[in-house]
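> got a predicted structure plus its sequence, pasted below:
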Amino acid sequence: MESSKPAWKSRPYQPSDKEACLKIFDSNTPQTFLINEREIFDKYLENHSEGYTVLEDEHGTPIACGGYVIGLDGGASSLCWGMVRKDWHGKGLGRHLISNRLATLAQIPKMKLIRLDCSQQSVEFFMKWGFKTYRITQNHYAPGLHRHEMYMVLDEEKIRELLTRVG
C-alpha cells in the first residue's frame with residue numbers, strides 16, 4: 001500500500017504571511033488562545049519572526065505556523081506560537097510542525113534545553129514528544145485555563161530520537 005504525500009509544504013515565515021497567521025490564531029480563539037493575546041502574537045510576528053515556519057496547503061494558503069526563539073547563550077530555546085487552523089486539526093500538521101522545530105534545535109551543538117508553555121489542553125500532545133511539566137499556574141490565562149510550563153533536556157539519546165522522528 002502506497003502512502004500519500006501530505007497536502008502541505010513547509011517554508012520560512014514571510015512578512016506577507018502576517019494576516020494569514022493572525023487568521024489561524026483567530027480560528028483557535030477562545031478555545032486555545034485568548035483574544036487579548038492576539039496583539040502579543042502580532043508584535044511577535046513583527047519583531048521576532050526569525051525561526052518561524054508556515055505550513056501551506058496545496059494552493060499556497062497558510063494553514064499552520066510555529067516557531068522558536070534561541071536564548072542568547074545558544075544552549076536553551078523556547079517553542080512559541082505553534083498553531084494549526086481549526087479546520088485542519090487532526091491531520092498531522094501539529095506533529096509536522098513540532099518534529100521539524102525540534103529536529104532543527106537538536107542539530108544546534110550547544111542546545112541542551114527546550115522550553116514551552118501551554119494550557120492543559122495541549123499538555124498531552126507535548127508529553128508524547130518528551131516534554132515534562134515543571135510548573136502549573138492555575139487560571140493563568142483565564143478561569144479554568146491553566147498554564148503548564150514544560151521542558152525537554154537534549155541529551156545524546158534524545159537528539160538521536162528526534163532526528164529519526166522527523167518526517
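Looks like it came in fine. Residues are numbered from 1 along each chain as shown.

> against which helices or strands is the helix or strand bottoming out on mean pLDDT in the chain packed?
Counting by mean pLDDT, DSSP states H and E, the chain has its least confident helix or strand at helix 156-165, which shows a mean of 77. If contacts are counted by 3 or more C-beta pairs under 8 Å, 6 or more residues apart in numbering; DSSP states H and E, helix 156-165 sits against helix 93-106. For every residue, glycine as well, the C-beta is placed using N, CA and C.

> for the helix it packs on, packing partners?
Contacts defined by 3+ C-beta pairs under 8 Å, 6+ apart place helix 93-106 against strand 8-12, strand 53-57, strand 62-70, strand 76-84, helix 156-165.

> nearest to Arg95, out of the ones you listed?
Counting by C-beta to C-beta, Arg95 lies closest to helix 156-165 out of those; the figure is 8.9 Å.

> picking up where we left off before, what sits up against the least confident helix or strand of the chain?
Residues from elsewhere that reach helix 156-165, judged by C-beta atoms under 8 Å, 6 or more residues apart in numbering: 99, 102-103, 106-107, 130, 152, 154.

> also stretch 96-111?
Under C-beta under 8 Å, 6+ apart, the answer for stretch 96-111 is 6, 8, 10, 51, 53, 55, 64-68, 70, 73-77, 79, 82, 84, 114, 126, 129, 152, 154, 158-159, 162-163, 165-167.

> now do stretch 120-135
Applying C-beta under 8 Å, 6+ apart, the external contacts of stretch 120-135 come out as 31-32, 94, 98, 102, 114, 116, 118, 145-152, 158, 161.

> if we use 7 Å, what do you get?
The contact list for stretch 120-135 (C-beta atoms under 7 Å, 6 or more residues apart in numbering) reads 32, 94, 98, 102, 116, 118, 146, 148-152, 158.

> cool, stretch 77-88 as well?
24-25, 27-28, 41, 44, 63-71, 93-94, 97-98, 101, 105, 111, 114-116.

> of the contacts of helix 156-165, closest to Thr137?
Closest approach to Thr137 among those (C-beta to C-beta): Met152, at 19.4 Å.
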